[in-house]
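Engineer: A predicted structure for the sequence below; I have some questions about it.
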Amino acid sequence: MTARVERSFRQFPEPLTDWIDRLTYRLHTGRILQKPDAVLEPLEDAMQAALPLVEPSDSFREGLRKNLSFAAQRKMAGLVIEYPKPFREGILIGVSVGIMVAAIATLVMVLRSHLTSSES
């Protein structure tokens, strides 16, 4: 499998493959990237054979293409439907409760100051 990945990298343009080679060499020498174990190669090949590639159906691709083009048209027109996020409701409720508590506290202080000034 590693050989297959390396072959697919070879299809890139020459400067990119040189850059990938240098990067892999530095990662191997810096011991950041471990060299592939030869023991795991048969396991990788067996798993690749047991799990075939999944190809989406043509109807799925067509539906996805239509949905994406419709979304792109809406975005270009400036129409973006944004679903409400649950934390926004919590923020709104918290701010509302805070304002209500502040208003009640202000009302209590005003009434209390009027009562104490009328008694004097």
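Structural biologist: The structure has been received and is ready for your questions.

Engineer: low-confidence ranges, this protein, go.
Structural biologist: Within the chain, the segments meeting pLDDT under 70 span 1-13, 28-38, 79-81, 84, 120.

Engineer: tell me which stretches of it form strands.
Structural biologist: With strands called from DSSP state E, the chain shows none.

Engineer: show me the helices in it, by range?
Structural biologist: 2-9, 14-29, 40-50, 58-77, 86-119 (DSSP state H).

Engineer: now those helices in JSON lines, with mean neighbour count?
Structural biologist: (Glycine included, C-beta is placed from N, CA and C.) Shown next, in JSON lines, are the helices of the chain (neighbours: other Cβ atoms under 10 Å):
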{"stretch": "helix 2-9", "mean neighbour count": "11"}
{"stretch": "helix 14-29", "mean neighbour count": "11"}
{"stretch": "helix 40-50", "mean neighbour count": "11"}
{"stretch": "helix 58-77", "mean neighbour count": "10"}
{"stretch": "helix 86-119", "mean neighbour count": "10"}
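
Engineer: okay, the most centrally placed residue in the chain and W19: tell me how far apart.
Structural biologist: The centroid of the chain falls nearest to K85 when counting by Cα atoms, centre = their mean (15.3 Å). Per Cβ to Cβ, to the nearest Å, K85 is found 41 Å from W19.
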